[in-house]
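1. Provide a 3D model corresponding to the input given below.
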Amino acid sequence: MMAGGHAVAIPADEFVAEFNAAIETTEAPAAIAPIDTGTAERVLGSYGRTHDVGDVIGLDVSGLIEAGPEEIWVAGPQLTRQIAAGLAQDPEFLDGIQQIRGDSFGQ
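-> Next up, the predicted model:
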């Protein structure tokens, strides 16, 4: 994903654990969770090219970014948790999971 013109690396294993916990508190179809690391990486890869972290969680993320190479920032545990919670409620992200899996929710 992007934030302030920088790429943000989201630790996949941490994201999966947080997303799977967050999705249980939403009204998303039960078939969404659990996701695995491979699914998370594919969906985050495509979704992240067109979405900003700040838009997903609704706030400036500069204070939640850990040091990384100049071009890439690394999401820390708190930011990863917030991103997972935001994406667990994002219909476009959930649709991306559906498309990758080939699931037909509600059909």
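2. in a helix, residue 44, correct?
-> Yes: when DSSP: H, G, I helix; E, B strand; the rest coil is applied, residue 44 is found to be in a helix.
3. where are the low-confidence patches of the protein?
-> Applying pLDDT under 70 to the chain picks out residues 62-71, 103-107.
4. can you list the buried residues in stretch 15-30?
-> 15, 16, 17, 18, 19, 20, 22, 23, 28 (16 or more other C-beta atoms under 10 Å). Where you see a C-beta, it was placed from the backbone N, CA and C, and this is true even at glycine.
5. start and end of that stretch, how far apart?
-> Terminal residues of stretch 15-30 are spaced 18 Å apart (C-alpha to C-alpha, to the nearest Å).
6. which outside residues touch that stretch?
-> For stretch 15-30, the external contacting residues (C-beta atoms under 8 Å, 6 or more residues apart in numbering) are 32-37, 40, 44, 80-81, 83-85, 87-89, 94, 105-106.
7. show me which of those are buried.
-> Using 16+ other C-beta under 10 Å, the buried members of the contacts of stretch 15-30 are 32-33, 35, 40, 44, 80-81, 83-85, 87-88, 94.
8. can you redo the buried residues of stretch 15-30 as JSON lines with secondary structure and distance to residue 8?
-> JSON lines is the format used below for these (DSSP: H, G, I helix; E, B strand; the rest coil; distance: C-beta to C-beta, whole Å):
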{"residue": "15", "secondary structure": "helix", "distance to residue 8": "11"}
{"residue": "16", "secondary structure": "helix", "distance to residue 8": "16"}
{"residue": "17", "secondary structure": "helix", "distance to residue 8": "18"}
{"residue": "18", "secondary structure": "helix", "distance to residue 8": "15"}
{"residue": "19", "secondary structure": "helix", "distance to residue 8": "16"}
{"residue": "20", "secondary structure": "helix", "distance to residue 8": "20"}
{"residue": "22", "secondary structure": "helix", "distance to residue 8": "18"}
{"residue": "23", "secondary structure": "helix", "distance to residue 8": "21"}
{"residue": "28", "secondary structure": "coil", "distance to residue 8": "23"}
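9. among the buried ones among the contacts of stretch 15-30, name the ones in helices.
-> Members of the buried ones among the contacts of stretch 15-30 lying in helices (criterion: DSSP state H): 40, 44, 80, 81, 83, 84, 85, 87, 94.
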